[in-house]
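In: got a predicted model here, sequence first, then my questions.
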Amino acid sequence: MILDDNRDSAARRTFSATARLLSALKLDGPLLVGLGLLSVYALIVQYSASGQSLETILRTLMRIGIGAFAMIALAHSSPNFLRSLAPWLYGVGIVLLLVVDAIGYVGKGSQRWLDVGLIRFQPSEIMKLAVPMLAASFMHERRLPPDWRNLLVLAAIIILPAALIAPQPDLGTAVLVFATGALVVLMAGLQWQVIGGLACAGAGAAFVGWRFLHDYQRQRIRIFLDPQSDPLGSGYHIIQSQIAIGSGGLFGKGWMNGSQAQLDFLPERSTDFIFAVIGEEFGLLGLIVLMLLYLFIISRAVFLATQASGTFARLLGLSLALTFFVYVFINAGMVTGLLPVVGVPLPLISYGGTSVVTLLAGFGILMGLYSHRKLVNS
């Protein structure tokens, strides 16, 4: 009995010490646990998808470490500081996008990166944070819902970086950057008439924009409608992905035993199509576990955002939380054939550098908005 009391006392002291540490670091415990579990899941899947490459795992750990450092640093940033930072971050991001267009590194037919020696990064990832920050900052001291004049300003803030990113070509990132800003506008409380008008305008813009798409981007949309029209060409990715997911069944073929992935039938298996690797090796149950992790993270992030103080904090927090959902929705949709393939990675699971750091930095901002909720000047 005394031994049990000692164990309970030790457990309480450990829990109390952990809570004090998290409070000092401005981190949210439940969200941190969810992100940690998702990172472990990612390392397990990536080891198999990369062909048992220890280099891939070490690189991923390094990027998670950089992202964790950024998350902790940004968790200490107050909403007032973020509001003042927003225009500068946005401006730097636009300049870097123009630099990429002029002298950016070219890889796999795309000019998306800046190579600065030790690292190579995508400036477009910066805009996933800068666009919602500037849009939320713009709406902070203005009447909600926004009127037409404010909507025009918001449209310019959102469309400019998306228009610079799409021709790189990187339609997936352009869509995500647009979504981060659009979510701020939606959370600002648009009327249904305005939403309907914007939807019609968007449809018209899409019709006109078809002329400006690259040939491969148009082909992706055609293949989305009929993958079997080119089974050995443009439709190969989605067909192999569907085969991999379907062959996994309920329980999967086992870790590192997926034939489509391990025998190189499945392209981009470590990046855009890693969702199919999970489906093949861990089956439907593995995908359900992954979706439950995502659901927990998104729901916790939305809760933190709704508890933040001030228009800026709530709009920015909800945008960051719901953009994470958009990431998951688009990747799962394109890999299963429900959406066109646009090159969006599975968040915190796909192998990648700048994307991982940006996502963790976004969660750091979200935790900072929540921890400073009593210190904001509404």
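Out: Received the coordinates, thanks. Numbers count the residues shown, from 1 in each chain.
In: hmm, who's touching the longest strand belonging to the chain?
Out: Assignment by DSSP state E gives strand 110-115 as the longest strand of the chain. Applying C-beta atoms under 8 Å, 6 or more residues apart in numbering, the contact partners of strand 110-115 are 96, 99-101, 104-105, 107, 120-124, 168-170, 173. For every residue, glycine as well, the C-beta is placed using N, CA and C.
In: stretch 166-181 now?
Out: For stretch 166-181, contacts defined as C-beta under 8 Å, 6+ apart pick out 100-101, 104, 110-112, 122, 124-125, 127-129, 131-132, 135, 154, 157-159, 161-163, 165, 213-214, 217, 319-320, 323, 326-327, 330, 342-344.
In: send me it as PDB with only the CA atoms.
Out: What follows is stretch 166-181, C-alpha atoms only, in PDB (Å, rounded to 0.1, in the frame of the first residue of the first chain):
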ATOM      1  CA  ALA A 166       1.700  28.500 -60.000                       C
ATOM      2  CA  PRO A 167       4.000  29.200 -63.000                       C
ATOM      3  CA  GLN A 168       7.100  27.600 -61.200                       C
ATOM      4  CA  PRO A 169       5.200  25.300 -61.900                       C
ATOM      5  CA  ASP A 170       3.700  24.300 -58.500                       C
ATOM      6  CA  LEU A 171       0.000  24.200 -58.700                       C
ATOM      7  CA  GLY A 172      -0.400  22.300 -55.400                       C
ATOM      8  CA  THR A 173       1.400  24.900 -53.300                       C
ATOM      9  CA  ALA A 174      -0.400  27.700 -55.200                       C
ATOM     10  CA  VAL A 175      -3.700  26.100 -54.200                       C
ATOM     11  CA  LEU A 176      -2.600  25.800 -50.600                       C
ATOM     12  CA  VAL A 177      -1.400  29.400 -50.400                       C
ATOM     13  CA  PHE A 178      -4.700  30.500 -51.900                       C
ATOM     14  CA  ALA A 179      -6.600  28.300 -49.400                       C
ATOM     15  CA  THR A 180      -4.800  29.800 -46.300                       C
ATOM     16  CA  GLY A 181      -6.000  33.300 -47.300                       C
END
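In: rewinding a little: who wins for neighbours among the contacts of strand 110-115?
Out: Ser124 (28 neighbours; other C-beta atoms under 10 Å).
In: that one touches Val131, doesn't it?
Out: No - using C-beta atoms under 8 Å, Ser124 is not in contact with Val131, being 10.5 Å away.
In: which residues do those two both contact?
Out: 161, 177.
In: would you tell me what the next helix or strand after the helix or strand containing Glu280 is?
Out: Element membership for Glu280 (DSSP states H and E) is helix 274-307. With elements assigned by DSSP H and E, the helix or strand that comes after helix 274-307 is helix 311-335.
In: and that following helix, what does it pack onto?
Out: On a contact count with 3 or more C-beta pairs under 8 Å, 6 or more residues apart in numbering; DSSP states H and E, helix 311-335 meets helix 79-103, helix 127-139, helix 171-187, helix 236-248, helix 274-307, helix 354-371.
In: dump the ones you listed into JSON lines; add mean pLDDT and distance to Pro267 as well.
Out: JSON lines is the format used below for the helices and strands packed on helix 311-335 (pLDDT from 0 to 100; distance: least, C-beta to C-beta, whole Å):
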{"stretch": "helix 79-103", "mean pLDDT": "92", "distance to Pro267": "25"}
{"stretch": "helix 127-139", "mean pLDDT": "95", "distance to Pro267": "25"}
{"stretch": "helix 171-187", "mean pLDDT": "91", "distance to Pro267": "16"}
{"stretch": "helix 236-248", "mean pLDDT": "88", "distance to Pro267": "5"}
{"stretch": "helix 274-307", "mean pLDDT": "96", "distance to Pro267": "10"}
{"stretch": "helix 354-371", "mean pLDDT": "93", "distance to Pro267": "19"}
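In: redo the ones you listed as JSON lines? Include distance to Leu43.
Out: Shown next, in JSON lines, are the helices and strands packed on helix 311-335 (distance: least, C-beta to C-beta, whole Å):
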{"stretch": "helix 79-103", "distance to Leu43": "30"}
{"stretch": "helix 127-139", "distance to Leu43": "23"}
{"stretch": "helix 171-187", "distance to Leu43": "24"}
{"stretch": "helix 236-248", "distance to Leu43": "20"}
{"stretch": "helix 274-307", "distance to Leu43": "12"}
{"stretch": "helix 354-371", "distance to Leu43": "12"}
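In: okay, those, which one's buried deepest?
Out: helix 127-139 (a mean of 28; mean count of other C-beta atoms under 10 Å).
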